[in-house]
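K.L.:
Model the structure of this input:
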Amino acid sequence: MTDRTSAHREEYHFANCVIRSDTRELLRDGVAQKIERRSFDLILYLVKLEGRVASKDELLEHVWGNHFVSESVIAQSIMKVRKAMGITGKEPGPIKTIHRVGYRFASEVRKAIHAPGEAAAHRTPSRVLWLPTESALPGADLSWVRYGLMSVAIHVLQGQGLSTVPASEAIRLFDAIEPPNPVWEDLSAARKESGLPTVHTRLTAVGPLFRLEWRMQVGDIQSGNLCEGPAPAELALRAAQQVALQIRLRARPLHAPGQHNAPGERVARLLELAVSLDQVDGLLPLMAGCAERPDCPWPVRAEWLLALAQRQDARTEAFAQQLVLFARDAQEPVHEGWAQLCLAQLHLLQRRFDAAIDHALSGVSLVHRATPHALHAPALLLASQVLAQAGKADEALVFYREADSIAGPVRSTALVCRFKLVQCEFHHLGMAQAGSSDGHVEALEASRLLGFTPMAAWTRIFCGLQACARGGMEAGRTHFELAVQAADQAGAPLVRLHARLQWGIFLARCHDLTRLDACVASLAQGDERQSPLGMAVWRWLRARQLYLQGDAKAALVLAEQAMAELVDLGLWWLEDSWLFVVQVALVANNRGTAQAIVQRLQARHARGTQPLRQCTALAAQGMLDYAQGQADKALAHFEQTRRLGRDTVMANILLLGHTWLSLVDGRNPSLGHLAPAGQWVECTPEGRYLRSMVINKPYWAMARQQETARVGTATELLQHEVTDAQGIRGGAYATHLPMPV
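P.N.:
The predicted structure follows:
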C-alpha cells in the first residue's frame, strides 16, 4: 500500500503523531520512528477509515493481499504500531480492538493535503523544542537566564497556539544533545540528534545592553535573528514572537487546485503579529491569495496595497481602484484615503511628483473625514513621508505632528521606530524644524528590539549617514555594513536598494574599489535591477566605479542617466550627489555640462529657500569658478556654504574644498582647520592629500611663485605646483577641487 503516485501528498495528524503517505513515515513528536512496511500499511489503512471498524479478513485482504498469512500477524503488527506511537503497557491508545471482529482507529484525525515536493520546512511541527539559553555573562544575578528565558519563550509560544516540549524535558534533552562545550556556530549536529524543530539562544552583553541571538532549524532550513535591549526577559518574549511567526508561516497548509486560500481572519491575525515585528514581507504570498477574496479583512487589503505600491507593481492602480470601490460601498473613508496615499507612494517612486502630491492631499482629506481609526496615524505618517520627498516640507511637518498627536503615548516598538525614522528622514532632507539630530540615536534604540528587519535596515542607513556627517567614517562603515546585512535578511526591495546605494557611495569615497566592484555586481545580479529605480541605482554606482577606474567620460554618461531618474527623489538623491556630477564633468573636461548643472541648481534654489539647496548651488558654482581659474570667487562661495551645510555630510566635503582654496589663496590653515572633518581626513584619499599639503605648507611660498617644491608625506614625496597639482585619480587639481564627493 503506497500513495507515491498520488497527485498530492497526504498527512494525517493525531495526538502527538503524524503519518506521511509519500515518505511512508510515522513521526512521534517530530521524530521518525522505526516501523516495518506492513505495520505502516496497517496504520495508514485504519486511519483512512475515519473510525470505521475493519474486520480481520478485510485487513488481511487490503494490507497483506491474502498472502496466506494467519490472523496472528495482525496482532503482532498492531503491537509494533503501538510501540512506534509510544504506547506501552495495557493502554491500547487510539487503536481499539473490537472483540472477535477487528480493529478501528478511535482518535480524532486531522488530514492535510500538500503539493508534491513541498519542503519539509513547510510541515507543521508537532512540538517545538526551546533549549536553555547559553550565556557567558559574569555575575550571579544573571544566572537565572539559562532557564528563566526558556520559560518566558515557552509561555509565548503556547500563547501563539504552538505545542512545546515541557521545560523539564527540554533541559533533559539539552544535557543529552549538547557537547560539554557548546559551539554556537555549529548547531546542525545537535538538531539532528534531537529530531525536533529546535531553538537555540545565546545571551551576550553589548555595552550597557543585552543581545539575545536565536537560531532555529526546521527540516533542512536554518533561520535566526537577534534583538537587543536592557531587559533579557523582554528579549526572550520578542524572540519567541519571531519564532512563532516563522513557524506559523512555514506550517501553513497548501491546498489542492480549486480550493480557497487560507481564511482571511487567520491571515489578519498573522498580519497583526507580523506588523508588530516588522516582518510583513514573509506574509506576502498569503496576502496575495487573500486580497482578491470578497471576504478579505480590511487590514490585509491595506497592507497588500502598500506592498504593491512600494514594489511599483503593475497591479497597484487596479487594486487601489478596487479598494476605493469597496471602501465607498462600506462607507469607510479612511480606507479610501489609504488607497489614495498608496497611489501617492507609487507616483512618487515613478517620479510623477504632481500626481503624488495630489493623491497625498486627497488621501489626507478623506482620512480627516473618518471617525478615529487604527489607520489614522499610519496614514498621516505615510502622507508626511511622500510630501517631504516631493518637496512639500511645510505640509509634511504638519501631518507628521498630527500623526504624532493621534498615535498617543502608548505605541508598539514598530510604530515608535516608524516615527523616529520619519524624523531622521526629515533631518537628512534638510528639514531642521522636524527635530534635532538626536532622532538617529532614538531610532537606533527603538529598532534594536526588531533585529534584522526593514526598519532596522533603514535605521542603520540613517545612522551611517549621520555618523559620516559627524566625521565618524568607521562608525558609518559599521552602520552601512549592518544595514546591508539587515536588508538582505529582511528581503524588502526598497531598503535593499537604498542600503546598497549608500554602501556603494561610501566605498567610492573611501576608494575601496574591490568592495565597490562586489556591490555593483550584486546589484547587476539581483532582481532589484529590473525596476526603473533599481536600474538608476545600478547606473549611479557603476558611474562611481568607472570614475575610480579613471574613465570620467563614460562615468559622466551613466551619472547623467541616473540623475534623470533619481534627482529630487528625496533620500535617493542627497544634495552632495550634484557635486559628484559637476566634478565628473570637470574632470572629463566637459564644462558645458557642469555649467548646465550650476544653472539648474540656481533655478531650483530660486523656487525655494531651503538652506541645503542654496548650499548646493553655491558649492557647484564655486567648483566651476575654480576650474575657470577664479579661485578667489570660489573661496567666497565656499565660505558661505560652511554655514548652510552645517551638520550634514556636505559639511565635511565642503570643509576639504575650503581648506584647499585657503591654501591656494595664501592663507595659513592648520591641521586644526581640518579637525571638524574627523576621520574623513584619514579615510579618504582627498583628506590624506590635503593633510599632506597642510603639513608641508612652508613650501607654498615657493609654489605660489611657480617654483617646483617637493611636498607629501614622510613616505612619499610629490612634485607639486599650484597650477598643476598632480594628485589622486590621475587628474589635475588645477581642474577640480580635491573633495570626496
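
K.L.:
Spell out the residue ranges of the strands in the stretch 101-250 of the chain.
P.N.:
102-105, 110-114, 129-130, 134-135, 198-206, 209-218, 221-229 (DSSP state E, counting those that start in this stretch).

K.L.:
what's the average pLDDT for the first one?
P.N.:
If you average the pLDDT over strand 102-105, you get 88.

K.L.:
can you check stretch 587-595 too?
P.N.:
Per-residue scores along stretch 587-595 average to 92.

K.L.:
Out of the strands of the stretch 101-250 of the chain, which is closest to residue 10?
P.N.:
Residue 10 lies closest to strand 110-114 among the strands of the stretch 101-250 of the chain, at 6.0 Å (C-beta to C-beta). The way it works is simple: take the backbone N, C-alpha and C, and place the C-beta from them, glycine included.

K.L.:
Out of the strands of the stretch 101-250 of the chain, which is the most enclosed?
P.N.:
Each of the strands of the stretch 101-250 of the chain was given a mean neighbour count from mean count of other C-beta atoms under 10 Å, and the largest, a mean of 27, is that of strand 129-130.

K.L.:
From the contact counts, what lies against that strand?
P.N.:
helix 145-159, helix 167-177, strand 198-206 (3 or more C-beta pairs under 8 Å, 6 or more residues apart in numbering; DSSP states H and E).

K.L.:
Relative to residue 56, which of the ones you listed is closest?
P.N.:
helix 167-177 (38.1 Å).

K.L.:
ok, residue 271 - how many residues close by?
P.N.:
22 (other C-beta atoms under 10 Å).

K.L.:
Wait, it touches residue 283, no?
P.N.:
Yes: shown here, residue 271 and residue 283 form a contact pair, counting by C-beta atoms under 8 Å, at 5.8 Å.

K.L.:
And stretch 390-407, what's buried?
P.N.:
For stretch 390-407, a neighbour-count test (16 or more other C-beta atoms under 10 Å) marks 390-393, 395-400, 402-404, 406-407 as buried.

K.L.:
In helices, which of those appear?
P.N.:
393, 395, 396, 397, 398, 399, 400, 402, 403, 404, 406, 407 (DSSP state H).

K.L.:
and of those residues, the nearest to residue 227?
P.N.:
Of those, the one sitting nearest to residue 227 (C-beta to C-beta) turns out to be residue 407, at 22.6 Å.

K.L.:
For the closest one, give its distance to residue 380.
P.N.:
9 Å (C-beta to C-beta, to the nearest Å).

K.L.:
just residue 277 next, same as before
P.N.:
Distance from residue 277 to residue 380, by C-beta to C-beta: 23 Å.

K.L.:
ok, back up a step: touching both of residue 271 and residue 283, which residues are there?
P.N.:
Both residue 271 and residue 283 are contacted by residue 303, under the criterion C-beta atoms under 8 Å, 6 or more residues apart in numbering.

K.L.:
Mind pulling up the pLDDT for residue 695?
P.N.:
pLDDT, residue 695: 81.

K.L.:
Hmm, it is touching residue 674, no?
P.N.:
No: at 10.5 Å, residue 695 and residue 674 do not qualify as touching, with contact defined as C-beta under 8 Å.

K.L.:
need the next SSE after whichever strand or helix holds residue 465, C-terminal direction.
P.N.:
Using DSSP states H and E, residue 465 maps to helix 454-469. Sequence-wise, the next helix or strand downstream of helix 454-469 (DSSP H and E) is helix 473-490.

K.L.:
so what does that following helix touch, helix or strand wise?
P.N.:
So helix 473-490, by 3+ C-beta pairs under 8 Å, 6+ apart, packs with helix 454-469, helix 493-509, helix 680-683.

K.L.:
Output those helices as TSV; include the columns mean pLDDT, mean neighbour count and distance to residue 32.
P.N.:
Below are the helices and strands packed on helix 473-490 laid out as TSV (pLDDT from 0 to 100; neighbours: other C-beta atoms under 10 Å; distance: least, C-beta to C-beta, whole Å):
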stretch	mean pLDDT	mean neighbour count	distance to residue 32
helix 454-469	92	26	38
helix 493-509	94	24	38
helix 680-683	93	22	55
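
K.L.:
count of residues packed around residue 10?
P.N.:
The burial count for residue 10: 17, using other C-beta under 10 Å.

K.L.:
How about residue 452?
P.N.:
22.

K.L.:
do you know how far it is from residue 670?
P.N.:
44 Å.

K.L.:
what about the closest residue to residue 86 other than its chain neighbours, distance to residue 307?
P.N.:
Among residues not flanking residue 86 along the chain, residue 28 sits closest, at 5.4 Å (C-beta to C-beta, 6 or more residues apart in numbering). Computed as C-beta to C-beta, the residue 28 to residue 307 distance reads 40 Å.

K.L.:
With neighbour numbers in mind, choose between those two.
P.N.:
More crowded of residue 28 and residue 307, by other C-beta under 10 Å: residue 307, with 21 against 18.

K.L.:
Correct me if wrong: that one contacts residue 282.
P.N.:
No: applying C-beta under 8 Å, one finds residue 307 not in contact with residue 282, separated by 11.4 Å.

K.L.:
What's opposite the residue nearest to residue 86 in the beta bridge?
P.N.:
residue 17, residue 31 (DSSP bridges).

K.L.:
how about the strands of the stretch 601-741 of the chain, start to end?
P.N.:
709-712, 717-720.

K.L.:
Contacts only, for the closest residue to residue 205 other than its chain neighbours.
P.N.:
Counting by C-beta to C-beta, 6+ apart, residue 205 lies nearest to residue 137, which is 6.0 Å off, once chain neighbours are set aside. Residue 137 makes contact with 145, 203, 204, 205, 210, according to C-beta under 8 Å, 6+ apart.

K.L.:
got a markdown table for those, with pLDDT and distance to residue 647 too?
P.N.:
Formatted as a markdown table, the contacts of residue 137 follow (pLDDT from 0 to 100; distance: C-beta to C-beta, whole Å):
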| residue | pLDDT | distance to residue 647 |
| --- | --- | --- |
| 145 | 85 | 41 |
| 203 | 91 | 37 |
| 204 | 89 | 34 |
| 205 | 88 | 32 |
| 210 | 91 | 32 |
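
K.L.:
and of those residues, the nearest to residue 554?
P.N.:
residue 204 (47.5 Å).

K.L.:
Just confirm that closest one contacts residue 134, I think it does.
P.N.:
No: applying C-beta under 8 Å, one finds residue 204 not in contact with residue 134, separated by 9.2 Å.

K.L.:
before we move on, the earlier item: tabulate the helices and strands packed on helix 473-490 in CSV, adding columns for distance to residue 41.
P.N.:
As requested, the helices and strands packed on helix 473-490 are exported to CSV (distance: least, C-beta to C-beta, whole Å):
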stretch, distance to residue 41
helix 454-469, 49
helix 493-509, 49
helix 680-683, 70
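
K.L.:
pLDDT weak spots in the stretch 351-500 of the chain?
P.N.:
The model of the stretch 351-500 of the chain has pLDDT under 70 over residues 432-438.

K.L.:
Which stretches in the stretch 1-150 of the chain count as helices?
P.N.:
For the stretch 1-150 of the chain, the helices defined by DSSP state H, counting those that start in this stretch cover 37-48, 56-62, 72-84, 145-159.

K.L.:
export these to TSV and tack on distance to residue 443?
P.N.:
Converted to TSV, those look like this (distance: least, C-beta to C-beta, whole Å):
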stretch	distance to residue 443
helix 37-48	54
helix 56-62	65
helix 72-84	54
helix 145-159	26
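
K.L.:
nearest to residue 508, of those helices?
P.N.:
That would be helix 145-159 among the helices of the stretch 1-150 of the chain, by C-beta to C-beta, at 43.4 Å.
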